[in-house]
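# My questions are about this predicted structure, shown below with the sequence.
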2 protein chains.
Amino acid sequence: MVKINQNYLKLPGSYLFSTVGKKIRAYESAHPEKRVIRLGIGDVTRPIAPEIIRSLHEAVDEMGRAESFKGYAPDLGYAFLRETIAENDFQSRGCRIDPDEIFISDGAKCDCGNIQEIFSTDCRIAVCDPVYPVYVDSNVMAGRTGVYDTELGRFRDVTYMPCTRETGFVPELPEEDVDLIYLCFPNNPTGAVIKKSKLQEWVDYANDKGAVILYDAAYEAYISEEEIPHSIYECPGARECAIEFRSFSKTAGFTGLRLGFTVIPKDLKAGGIRLWDLWARRHGTKYNGAPYIIQRAGQAVYSPQGKKEIRKQIAWYMENARIISVGLEQAGYEVSGGVNAPYIWLRTPGDMTSWEFFDYLLEGANVAGTPGSGFGPHGEHYFRLTAFGNREDTLEAVKRIKKL
Amino acid sequence: MVKINQNYLKLPGSYLFSTVGKKIRAYESAHPEKRVIRLGIGDVTRPIAPEIIRSLHEAVDEMGRAESFKGYAPDLGYAFLRETIAENDFQSRGCRIDPDEIFISDGAKCDCGNIQEIFSTDCRIAVCDPVYPVYVDSNVMAGRTGVYDTELGRFRDVTYMPCTRETGFVPELPEEDVDLIYLCFPNNPTGAVIKKSKLQEWVDYANDKGAVILYDAAYEAYISEEEIPHSIYECPGARECAIEFRSFSKTAGFTGLRLGFTVIPKDLKAGGIRLWDLWARRHGTKYNGAPYIIQRAGQAVYSPQGKKEIRKQIAWYMENARIISVGLEQAGYEVSGGVNAPYIWLRTPGDMTSWEFFDYLLEGANVAGTPGSGFGPHGEHYFRLTAFGNREDTLEAVKRIKKL
């Protein structure tokens, strides 16, 4: 008699974004005359840049001709893309990362979700609170978290690291022993960043304790300030303790094209075993490579023309972020994020809970965002807005909020 | 101190196809004047059909315009593709499968590898012997197989179902209790198919025992004989016990584009829980959808023009299969497969082992294939050739083998 993976039943019933979606749809059908502006979900809206479109067409044509047709991609990705990434994202910043240490995939979400598989199920994980739900949920499925404590809003065997305004939404080193530490900078949902000296403390701590840092740098391209590290490998010692996740989704609008990569340095070992070997084995067994045409599109992101167009696109979104931040500040809100990240994190006014503010904003201004408490208990009394809307909607949303 | 997933260390050291590759390269560098023809790995070689290329260009253009740009795809796939599949692959054959029961993915390999996650780690798996390595390896990683017995060439806690010429390479129902049964028809590596009456026995057996059949139908498009079922859902009762995997890889040359799907009927439950819900939760948490442009290409496969072009492509490969089968029979080999599948399975001559025959063929005819023993102990004394080479090479390979 077949049995299911019982860990799945520990997952909280409803996913944050589906609850948000339901509430918006319910409001809209009760008020068909109102137009709700959605600044909730972190999906891009600008079309793919012309140079990338050009490279896609070129690669599609290659697939249509016998002499240039490509079948299965190399398991770990095409050399042309891995070399381009190593040079542009790492070597240019003084990080020693070889092309061979880069694993091309169909996105950072898959890699962040799957990476836990190569570790023992009795490893203890540490996550920021608030946090992107995938880190915790994928560990729940694997049986690493214990049961959910409804009162506390937490899994019993997970170490939550509070991210509060007092520390600029950067966590403190955990007091208890942990094995796998998820860090995400620039952060989703808070938009916070970490300084190099602070990140170095984490690297030193992990090396000291024999822990591994799982560093999600999906929003790296939004960093605008000089002193903020773009990669954890800018910190000495990170090659021995850190795995880094990157994505083309927000960098170049690839949410609908699917491309990302994971860096595992060959110096990173646990019990004498290279994690590189385990991940390579996983890739070879359970994955079959990102499409050739998408990998060519990824390469185009790094061409001189591609870089120019991408910079313009990011600047466009960051102007949205500026509009929201400035507007909310003028309206008297306490606001953070939005400078090195496409997320604006605001304190709800008065004693409003995150969900109360959600309703207040939806009903009063017809603007939808994401309740901070959905990302964890320390997200309570906070709210996330994103810079990925179109300009007109962003301006209109700010105008409406100011009027509240 | 972080610990790795020790199950990974149970995997046999070297992957079949990398050993094959190494041996070919060693021969080539020792004999640079020889041209080795590769009929080993199952990768397609024909370019993508014109109608599919056209649809790719169209979808790429959509991604370049603000008004038609697509961000994140729906988790389970676009409705246009799911509806097309449900109608063409299932409803047209009298199978009651709703679009909602189809999960679009980036390939059957990923789905076959990941599906085991939703089941308990103490489920017992049953696999054919010989078998496609992904089914076993993904279960090794999850800790479901016990250790590898080097002498027997098997994992201790797996039920292997011998596929022999006596039963037309179709397995017999297992005598011991099993929970998850992997079946693949048309079969890789043997090219064998299963008749509907025989498949019905499996469906009845699974429903009787409370087991789940994981049915890999990646080569379904190669079925040429009338009485062979294209889907397990042609058998009454399969909606209560079977998951089916499909792929565009061999159907339409998508090995480099990446597209497949998994069917989980909503009637399929274990302990009262719908497996559909678990897989949907996994998709939502650890996956982010197949690229929009690739899903549009998948839709084009089912258009009248697409179907016409695909039929021609498959006929082209099957002519290769016929050339190999007939040629080998004329040369006195015992041959099966190649009629409803792109694989030809031959008995090695005399008492040669699979690897001895590999060397004999490589050195004597400069033709490379895949040793049957690499797929499991009952593959010993067999050898796999594929129909995916180009015509000239296929003809030349047969000519050389005949001369041996």
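All right, it came through fine.
# doesn't residue A:372 make contact with residue A:384?
Yes. With contacts defined as Cβ atoms under 8 Å, residue A:384 counts as touching residue A:372 at a distance of 6.1 Å. From N, CA and C alone the C-beta is placed, and that goes for glycine too.
# what touches both of those two?
A:189, A:345 (Cβ atoms under 8 Å, 6 or more residues apart in numbering or on different chains).
# Now name the helix or strand holding the residue in the stretch 51-200 of chain A that chain B sits nearest to.
Nearest to chain B in the stretch 51-200 of chain A, going by Cβ to the nearest Cβ, is residue A:113, at a distance of 3.5 Å. Assessed by DSSP states H and E, residue A:113 sits inside helix A:108-114.
# So what's the residue count around the residue nearest to residue A:9 when sequence neighbours are not counted?
The shortest distance from residue A:9 to any non-neighbouring residue, by Cβ to Cβ, 6 or more residues apart in numbering or on different chains, is to residue B:273 (7.6 Å). Per other Cβ atoms under 10 Å in any protein chain shown, the neighbour tally for residue B:273 reads 17.
# For residue B:273, list each beta-bridge partner.
residue B:270 (DSSP bridges).
# low-confidence ranges in chain A?
A:13-14 (pLDDT under 70).
# Quick check, central residue of it?
Centroid-nearest residue in chain A: residue A:218, 4.6 Å away (criterion: Cα atoms, centre = their mean).
# wait, isn't that one in contact with residue A:249?
Yes. Taking contacts as Cβ under 8 Å, residue A:218 lies within contact range of residue A:249: 6.8 Å.
# For the strand or helix carrying residue A:22, buried residues please.
Applying DSSP H and E as the criterion places residue A:22 in helix A:16-30. For helix A:16-30, the neighbour count (16 or more other Cβ atoms under 10 Å in any protein chain shown) marks A:16, A:20, A:23, A:24, A:27, A:28 as buried.
# Likewise for stretch A:310-324?
The neighbour-count check on stretch A:310-324 (16+ other Cβ under 10 Å) flags A:310, A:313, A:314, A:317, A:318, A:320, A:321, A:323, A:324 as buried.
# outside of that stretch, which residues touch it?
A:39, A:44, A:46, A:49, A:221-222, A:224, A:251-253, A:301, A:337-339, A:341-344, A:385, A:387-389, A:391, A:394-395, A:397-398.
# before we move on, what about stretch A:147-161?
Counting by Cβ under 8 Å, 6+ apart, A:10-12, A:124-129, A:136, A:139-140, A:144-146, A:171-172, A:174, A:176, A:178, A:373, A:376-378 sit against stretch A:147-161.
# what residues does the stretch 101-250 of chain A put near chain B?
Residues of the stretch 101-250 of chain A lying close to chain B by Cβ under 8 Å from any Cβ of the partner chain are A:106-107, A:109-110, A:113-114, A:117-123, A:133-134, A:137-138, A:141, A:179-180, A:209-212.
# can you count the residues close to residue A:363?
Applying other Cβ under 10 Å, we find 12 residues neighbouring residue A:363.
# ok, it - contacts?
Residue A:363 sits next to residue A:27 when contact means Cβ under 8 Å, 6+ apart.
# Can I take it that it is in a helix?
Yes. According to DSSP: H, G, I helix; E, B strand; the rest coil, the state of residue A:363 is that of a helix.
# Tell me the secondary structure of residue A:316, please.
When classified by three-state DSSP, residue A:316 comes out as helix.
# Check whether residue A:215 really touches residue A:232, as I assumed.
Yes. Counting by Cβ under 8 Å, residue A:232 is a contact partner of residue A:215 at 4.3 Å.
# neighbour count winner among the two?
residue A:232 (29 against 26).
# What separation do you get for the more buried one and chain B?
16 Å (Cβ to the nearest Cβ, to the nearest Å).
# Please report the distance of that residue from residue A:84.
Separation of residue A:232 from residue A:84 (Cβ to Cβ, to the nearest Å) stands at 20 Å.
# same thing with residue A:214?
Counting by Cβ to Cβ, the gap from residue A:214 to residue A:84 is 24 Å.
# With residue A:15 instead?
Residue A:15 sits 35 Å away from residue A:84, going by Cβ to Cβ.
# again, but for residue A:302
For residue A:302, the distance to residue A:84 - Cβ to Cβ - is 5 Å.
# cool, and residue A:399?
42 Å.
# Between the two, tell me which one has more neighbours.
The residue with more neighbours, out of residue A:399 and residue A:84, is residue A:84; 20 against 11, by other Cβ under 10 Å.
# quick one on the thing from earlier: skipping adjacent residues, who's closest to the residue nearest to the centre of chain A in space?
residue A:247 (4.1 Å).
# One more: residue A:176?
Leaving aside its chain neighbours, residue A:176 sits nearest to residue A:159 (5.9 Å; criterion: Cβ to Cβ, 6+ apart).
# same deal with residue A:390?
Counting by Cβ to Cβ, 6+ apart, the residue nearest residue A:390 is residue A:45, at 5.7 Å.
# how about the one you found, secondary structure?
From three-state DSSP, the assignment for residue A:45 is coil.
# re earlier: residues near the residue of the stretch 51-200 of chain A closest to chain B, how many?
Neighbours around residue A:113, by other Cβ under 10 Å: 22.
# Return the residues in contact with it.
By Cβ under 8 Å, 6+ apart, residue A:113 lies in contact with A:134, A:137, A:138, B:285, B:286, B:287.
# Dump those into JSON lines; add secondary structure, distance to residue B:80 and neighbour count as well.
Output for these, formatted as JSON lines (DSSP: H, G, I helix; E, B strand; the rest coil; distance: Cβ to Cβ, whole Å; neighbours: other Cβ atoms under 10 Å in any protein chain shown):
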{"residue": "A:134", "secondary structure": "helix", "distance to residue B:80": "27", "neighbour count": "19"}
{"residue": "A:137", "secondary structure": "helix", "distance to residue B:80": "29", "neighbour count": "23"}
{"residue": "A:138", "secondary structure": "helix", "distance to residue B:80": "29", "neighbour count": "23"}
{"residue": "B:285", "secondary structure": "helix", "distance to residue B:80": "24", "neighbour count": "22"}
{"residue": "B:286", "secondary structure": "helix", "distance to residue B:80": "24", "neighbour count": "21"}
{"residue": "B:287", "secondary structure": "coil", "distance to residue B:80": "19", "neighbour count": "24"}
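# quick check, nearest of these to residue A:185?
Set against residue A:185, the nearest of the contacts of residue A:113 by Cβ to Cβ is residue A:134 (15.9 Å).
# Alright, that wraps it up for me.
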